[in-house]
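K.L.:
Next come a sequence and a model predicted from it.
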Amino acid sequence: MSSTTGGAGRRPRILVTRRIPQAGLDLLAADSTCRVLGGSLPPAREQLLSAFREGWDGIVATLTERVDAELLDACPGLRVVANMAVGFDNIDLAAATDRGVLIANTPGVLTETTADLAWLLMMAAGRQLVAAQGYLGRGEWKTWEPQALLGQDIHGATLGLVGLGRIGQAMARRARGFGMRVLYTDEAPRPEAAAESGAEYRSLPDLLREADFVSVHIPLTRDTSRLFGDREFGMMKPTAVFVNTSRGPIVDQGALYRALRDKVIFAAGIDVFETEPLPLDEPLLKLENVICTPHIGSASVVTRNEMARLAARNALAGASGVRPPSLVNPAAWRTPAT
């Protein structure tokens, strides 16, 4: 736990729910009275609720804390919750807006880093790197073999993007360098977003049938929860590779396991899961045609520092009565009386 005070007059009071990179804490320390509630792990619910009752102008939260009506009601003077993430499915947006609490996120700063990881997973899964490492580690490598560990080519293949937002567009840019044909699906065609890469719009079923690689870049909502199940994996090519770096509950994890086990699809690269942390007895971990990483899409030093700084700027602005740089719910914004 840490705190800072100082300066003339009342400084905004900001709670940080768990330790974030020092770059963000330094900004908060300079212009607010702040308290860091937890360490590297998220606080327990009761600890979080108790802290909210202390009264704060702003909260810096991470995607591991569920900010719902109960927490919001525990802190009636709260002005802003700054989420250190692009997604904000951990926050009850309707409840916050009804109470006039501003919600902000950290878009843009993690786009390229997350696309880097998605591309890495796509290539690693397509070229069977998990199976290759196991093969070597078990001492099965005897000589160069003409038909061992054959993977799928990335260059010249068809990439299907489920979502053409910032990260989807970053993936499309990378695909151009590999001579890939790019398809995308979204709530509606996005010709301006697709213009740079020449991405072609498809319905989800058509995209799944045509794509050699399918990469998911959509937010978790009621409509996208468990969007991918047995039916969707059954539409994909048996040589297809599936990648998810968005949110775990978009995919029925049991259906993904069956699709990989039964060779309905070729391989997968997964960074997000229905339950996090992933239990050690998760069946996916027993397969060699999937590579799993622990939700590290934005995990580079530079990007996490920028996320922390943007979250801090959002919190400081909202707590001081200024519109946050990345406001998610503008309906909650009320221009302060002058």
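P.N.:
Noted; the coordinates are in hand. Numbers count the residues shown, from 1 in each chain.

K.L.:
next one: the longest helix along the chain to chain centre, how far?
P.N.:
Longest helix of the chain, by residue count under DSSP state H: helix 301-319. Centre-to-centre, helix 301-319 and its host chain are 16 Å apart (C-alpha atoms, centre = their mean, to the nearest Å).

K.L.:
the domain parsing of the chain - what is it?
P.N.:
Under automatic domain parsing, the residue ranges defining each domain of the chain are 2-109+301-332, 111-292.

K.L.:
so where do the helices sit in the stretch 101-250 of the chain?
P.N.:
Ranges of helices in the stretch 101-250 of the chain, per DSSP state H, counting those that start in this stretch, are 111-126, 129-137, 166-177, 191-195, 204-210, 230-235.

K.L.:
mind putting the domains of the chain in TSV, mean neighbour count and mean pLDDT included?
P.N.:
Heads up, the C-betas are built off the backbone N, CA and C, glycines and all. As requested, those are exported to TSV (neighbours: other C-beta atoms under 10 Å; pLDDT from 0 to 100):
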stretch	mean neighbour count	mean pLDDT
domain 2-109+301-332	19	94
domain 111-292	18	97
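
K.L.:
returning to that earlier point: I'd like to know which of the helices of the stretch 101-250 of the chain is closest to residue 312.
P.N.:
helix 111-126 (18.7 Å; C-beta to C-beta).

K.L.:
In terms of secondary structure, what does that closest one contact?
P.N.:
helix 166-177, strand 213-216, strand 241-244, strand 267-270, strand 290-292 (3 or more C-beta pairs under 8 Å, 6 or more residues apart in numbering; DSSP states H and E).

K.L.:
Using TSV, lay out the ones you listed together with distance to residue 233.
P.N.:
Below are the helices and strands packed on helix 111-126 laid out as TSV (distance: least, C-beta to C-beta, whole Å):
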stretch	distance to residue 233
helix 166-177	20
strand 213-216	10
strand 241-244	7
strand 267-270	10
strand 290-292	13
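
K.L.:
before we move on, the earlier item: by how many degrees do the longest helix of the chain and helix 111-126 diverge?
P.N.:
140 degrees (axes from the mean of the first three to the mean of the last three C-alpha atoms, to 10 degrees).

K.L.:
who does helix 301-319 touch, helix- and strand-wise?
P.N.:
Packed next to helix 301-319, using 3+ C-beta pairs under 8 Å, 6+ apart, are strand 13-16, helix 22-31, strand 58-61, strand 80-83, strand 102-104.

K.L.:
and those as CSV, adding distance to residue 294?
P.N.:
Converted to CSV, the helices and strands packed on helix 301-319 look like this (distance: least, C-beta to C-beta, whole Å):
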stretch, distance to residue 294
strand 13-16, 22
helix 22-31, 22
strand 58-61, 20
strand 80-83, 20
strand 102-104, 26
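
K.L.:
Looking at these, which is nearest to residue 234?
P.N.:
strand 80-83 (35.4 Å).

K.L.:
which residues are contacting that closest one?
P.N.:
57-63, 67, 90-91, 96, 101-106, 311-312, 314-315, 317-319, 324 (C-beta atoms under 8 Å, 6 or more residues apart in numbering).

K.L.:
And stretch 286-306, by the same measure?
P.N.:
21, 23-24, 106, 109-110, 113-114, 116-118, 121, 124-125, 128-131, 134, 245, 257, 260-261, 266-273, 276-278, 284-285, 307.

K.L.:
let's see it at 7 Å
P.N.:
21, 23, 109-110, 113-114, 117, 121, 124-125, 129-131, 134, 245, 260-261, 266-272, 276-278, 284-285, 307 (C-beta atoms under 7 Å, 6 or more residues apart in numbering).
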